[in-house]
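> Sequence first, predicted model second:
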Amino acid sequence: MMTDRPDVQEDAGLWGARLLIFESLGSTNRWTLDLLEELTHGDVIRAVRQTAGRGRHDRHWIAPDDRGLAISVALKDLPDRVPATAFNQAPALAVRDALTPYGLTCMVKWPNDVFVLDYKICGILAESSRDGIVVGIGLNVNLTDADFACVVLNQPATSMSLELGGVFDIARVCADVVTQLQVQFDRLNDHGMQPMLDDWASCDWLAGFRVRVTAECGELEGRYTGLSADGRLTLVTGDGTPHQVLSGDVERLFPDVDTPD
């Protein structure tokens, strides 16, 4: 819940909405979900310090004081033809595009992560309610090795600072991410899923690998075959059976020798 009054920046959110900056919040997603009915489509909520950030499956997301970017976006006016999966995938591509001008080459990992080489730099969590969808983004900007050493990580992590050296202006990074989010959501609204899926395929961290997926249906292992038309992970198991997975965790195993270079 709110721990202070926000600094409200008009026209700094998506589509001319607001950017609300709190010095401290438990979780930007939780706050935004709780107040979603009162917010405007495109409002962006940022916490300088997030004390109870979380990722998928309620995993802890570290966000030390003003060293990581923690934002959530309120989405209330949504096209019916866009599947819910897109609100995990389009933001991952937006972060990739926001970081490219800084000199980072990023890959995306289904369903909602951004990687630099084999290190996670950003996680995304889309959550829905009757009032709309909230997209949370946690981007490691100025985190250090010491920050990561303080927690047990689900997978190796990195930050802009560790990759590029120096310290980055988080307000500037936030503005760049917001700009690219609007680009991605406008493309979804205007052109549907296919352009986004083509873009995803061009920087897919899983492409050319065998994978292991843990989902509600159990564990599957096989050859990764990309995303379906509605954003599901697809793979072919050893017996030749194709599968589509709506949600779950995926682990990259080893290169698929049957996949051409």
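Thanks, I have it. Not measured: the values here are computed from a predicted model.

> use CA for all of it now, contacts and neighbours both
Fine.

> Please work out which helix or strand belonging to this protein has the smallest mean pLDDT.
Of all helical and strand segments in the chain, the minimum by mean pLDDT, DSSP states H and E falls on helix 145-149, at a mean of 89.

> Per the annotation, how does the protein divide into domains?
According to automatic domain parsing, the chain is divided into the following domains: 7-201, 209-255.

> weakest of those by average pLDDT?
Within these, the stretch with the lowest mean pLDDT is domain 7-201, showing a mean of 92.

> And the strands in the stretch 51-200 of the chain?
In the stretch 51-200 of the chain, the segments counted as strands under DSSP state E, counting those that start in this stretch are 68-75, 107-109, 113-116, 119-129, 132-140.

> Would you mind giving those strands as CSV with distance to Val8 added?
Below are the strands of the stretch 51-200 of the chain laid out as CSV (distance: least, Cα to Cα, whole Å):
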stretch, distance to Val8
strand 68-75, 14
strand 107-109, 32
strand 113-116, 28
strand 119-129, 23
strand 132-140, 19
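
> among those strands, which is the most enclosed?
Counting by mean count of other Cα atoms under 10 Å, strand 68-75 has the highest mean neighbour count of those, with a mean of 26.

> Which strands or helices does it pack on?
Judged by 3 or more Cα pairs under 8 Å, 6 or more residues apart in numbering; DSSP states H and E, strand 68-75 is in contact with helix 28-34, strand 44-50, strand 132-140, helix 170-191.

> mind running it again at 10 Å?
strand 19-25, helix 28-34, strand 44-50, strand 119-129, strand 132-140, helix 170-191 (3 or more Cα pairs under 10 Å, 6 or more residues apart in numbering; DSSP states H and E).

> what about dumping the CA coordinates of the third one to CSV?
Right, the one you point to is strand 44-50. The C-alpha trace of strand 44-50 is given here as CSV (Å, rounded to 0.1, in the frame of the first residue of the first chain):
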residue,chain,number,x,y,z
VAL,A,44,2.7,4.4,-14.8
ILE,A,45,3.6,3.8,-11.1
ARG,A,46,7.2,3.9,-10.1
ALA,A,47,8.8,3.1,-6.7
VAL,A,48,12.2,4.5,-6.0
ARG,A,49,12.5,1.8,-3.4
GLN,A,50,10.4,-1.3,-3.5
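
> Please state the offset of that strand from the chain centre?
Remark: strand 44-50 is offset 15 Å from the chain centroid, using Cα atoms, centre = their mean, to the nearest Å.

> Flag every buried residue along it.
44-50 (16 or more other Cα atoms under 10 Å).

> Same question for the longest one.
Of the residues in helix 170-191, those with enough neighbours to count as buried (16+ other Cα under 10 Å) are 170, 173-185, 187-188.

> ok and that helix relative to strand 68-75, angle-wise?
30 degrees (axes from the mean of the first three to the mean of the last three Cα atoms, to 10 degrees).

> and helix 170-191, what does it pack onto?
Helices and strands touching helix 170-191, by 3+ Cα pairs under 10 Å, 6+ apart, are strand 19-25, strand 44-50, strand 68-75, helix 86-99, strand 132-140, helix 194-201.

> Can you spell out which helices and strands pack onto the last one?
It stands for helix 194-201. Using 3+ Cα pairs under 10 Å, 6+ apart, the elements in contact with helix 194-201 are helix 86-99, strand 107-109, helix 170-191, strand 218-227.

> how much distance is there from the shortest one to the middle of the chain?
Okay, so that is strand 107-109. 10 Å.

> For it, give me every contacting residue.
By Cα atoms under 10 Å, 6 or more residues apart in numbering, the residues outside strand 107-109 that reach it are 89, 92-93, 95-96, 113-123, 200-207, 250-252.

> can you tell me which of the helices and strands packed on strand 68-75 comes nearest to Arg81?
helix 170-191 (8.6 Å; Cα to Cα).

> closest one to Leu153 among the helices and strands packed on helix 170-191?
When these are compared by Cα to Cα, strand 132-140 sits nearest Leu153, at 13.4 Å.
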